[in-house]
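predicted model follows, preceded by the sequence.
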Amino acid sequence: MDCKKALAETKGDLEKAQSYLRTKGLSSADKKSGRLAAEGRIGKYIDDARIYVLIEVNCETDFVGTEAACPQVQFVSIEGILETIATKEKELEM
């Protein structure tokens, strides 16, 4: 429904509709930024005993964090990522 509304608001202009949805998403995220997310999971990663990483993924309710559908923390190497995505992320770091 949001996509249909965005297209109606922008009179069918796809690029403007995408911009509209991004803006709406940012305002929605801003509203939720004050919420407490005290539940979730903790994952770990050990690489040849040289690198040890703990990662915490939070959610707002305990039943979301304990559901099997809640995504497990996964670790990938740079080789496991599509080249276009890796290049884009490298550009963002600069």
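Thanks, I have the structure now.

downstream of the longest helix along the chain, the next helix or strand is which one?
Longest helix in the chain by number of residues (criterion: DSSP state H): helix 14-32. Later in the chain than helix 14-32, the nearest helix or strand by DSSP states H and E is strand 39-47.

from the contact counts, what lies against that following strand?
strand 51-59, helix 62-66 (3 or more C-beta pairs under 8 Å, 6 or more residues apart in numbering; DSSP states H and E). To be clear about C-beta, it is placed using only N, CA and C from the backbone, and glycine gets the same treatment.

worst mean pLDDT among those?
Lowest mean pLDDT of the helices and strands packed on strand 39-47: helix 62-66, a mean of 74.

any idea how far the closest residue in space to I55 that isn't next to it in sequence lies from Y20?
Leaving aside its chain neighbours, I55 sits nearest to G43 (4.9 Å; criterion: C-beta to C-beta, 6 or more residues apart in numbering). Here G43 is placed at a distance of 35 Å from Y20 (C-beta to C-beta, to the nearest Å).

which parts of stretch 7-20 are buried?
Using 16 or more other C-beta atoms under 10 Å as the test for burial, stretch 7-20 gives 7, 10, 17, 20.

what comes up buried for stretch 50-66?
Quick answer for stretch 50-66 (16+ other C-beta under 10 Å): 59, 65.
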